[in-house]
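S.K.: Any chance you can model this:
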Amino acid sequence: MTHQSSESGVFSRQVSRFGLWCAVLCIVTAVIAALLPLDVPDGYSAAHTERLQWLTENRDAFVAAWVNQIVAMVSLSGLFLALCWRGRSNDPLRALLATGAVAMATMAFVIPKFIAIWTIPLLVNAAATVGAGADMAAVLLPLLNVSIPFSLYTSFDYLGFWLYALFAVLMMKPLYDGDGASKLVAILVGLFGIGFHVAFACLLLGVIQAPDIEISFGLSFIPLLLLILILAVTFSRDLKHAPNNLSSEG
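M.R.: Numbers count the residues shown, from 1 in each chain. Here you go, the predicted structure:
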């Protein structure tokens, strides 16, 4: 029994270290994201020809920006998985279901972002050079517009965020049943999860129109920004207070 407790303690320390590095990566990628363009300026209203010209001229920066987005989303998923482990003892079933939601969200995010670094540049090249597949490129590029909130591309992104919000709703109570730091984390997680679902309900009811989707849903992401900073401190504190000789106990 003591040996099992020791192994659990070692793993908890590893998860805290993993969560800390994920938080750091989230912060670093957020800074990089502010410096790299994800699409043509005013992408929602930009004409197809303008976007095609911009993508041709800024191909490398576009690809780099979306590679950075993949790192950011995988890091955020890792941070959420660490929270599932943190709240597992209070409600194992919720933690298990939340872990599944995060795993599915990660796949939902990776699909469109891989399209951004693989498919979109090839389509742009085909359309710009009027090469093989140019006709297909002219049809697919508008469907894969990364700025229009109802394109096929962004639908995958919002699916991923909804699964993140589902994780948040599932985990806010197990996290709240922990210590003081966990309660603050739970409140921020809950604000994101509930806020996103409120915005989603408003969208379905027609309260939010397409041009307002990004701003309306973006408000629910604000707690996540603060959450990442707090988790960096929380996991760092956990590592400082965790025993270093757990593996030798028992």
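S.K.: And the helix or strand residue 122 falls within, what's buried?
M.R.: Using DSSP states H and E, residue 122 maps to helix 92-129. Residues of helix 92-129 classed as buried: 94-95, 97-99, 101-102, 104-106, 108-110, 112-113, 115-117, 119-121, 123-127 (neighbour count, 16 or more other CB atoms under 10 Å). Yep, even glycine has a C-beta here, placed from its N, CA and C like the rest.
S.K.: Show me what the one helix or strand in the chain whose mean pLDDT sits lowest is packed up against.
M.R.: When the helices and strands of the chain are compared on mean pLDDT, DSSP states H and E, helix 2-33 comes out lowest with a mean of 84. Here helix 2-33 touches helix 59-86, helix 213-241, going by 3 or more CB pairs under 8 Å, 6 or more residues apart in numbering; DSSP states H and E.
S.K.: low pLDDT regions in the chain?
M.R.: 1-8, 131, 242-250 (pLDDT under 70).
S.K.: Report the secondary structure state of residue 43.
M.R.: Of the three states, residue 43 takes coil under DSSP: H, G, I helix; E, B strand; the rest coil.
S.K.: And for the closest residue to it other than its chain neighbours, the neighbour number?
M.R.: Closest residue to residue 43 apart from its sequence neighbours, by CB to CB, 6 or more residues apart in numbering: residue 147 at 2.9 Å. By the criterion of other CB atoms under 10 Å, residue 147 has 18 neighbours.
S.K.: Would you quantify the distance from residue 147 to residue 116?
M.R.: In this view, residue 147 and residue 116 are 12 Å apart by CB to CB, to the nearest Å.
S.K.: And for residue 44?
M.R.: Distance from residue 44 to residue 116, by CB to CB: 17 Å.
S.K.: ok, now residue 197?
M.R.: Residue 197 is 27 Å from residue 116, by CB to CB.
S.K.: and residue 69, how many neighbours?
M.R.: Going by other CB under 10 Å, the residues that sit close to residue 69 add up to 23.
S.K.: now swap in residue 207 and tell me
M.R.: So residue 207, with other CB under 10 Å, has 12 neighbours.
S.K.: Just say helix, strand or coil for it.
M.R.: Under three-state DSSP, residue 207 comes out as coil.
S.K.: Phi, psi for it please.
M.R.: Residue 207 adopts backbone torsions of phi -70, psi -40, taken as degrees, to the nearest 10.
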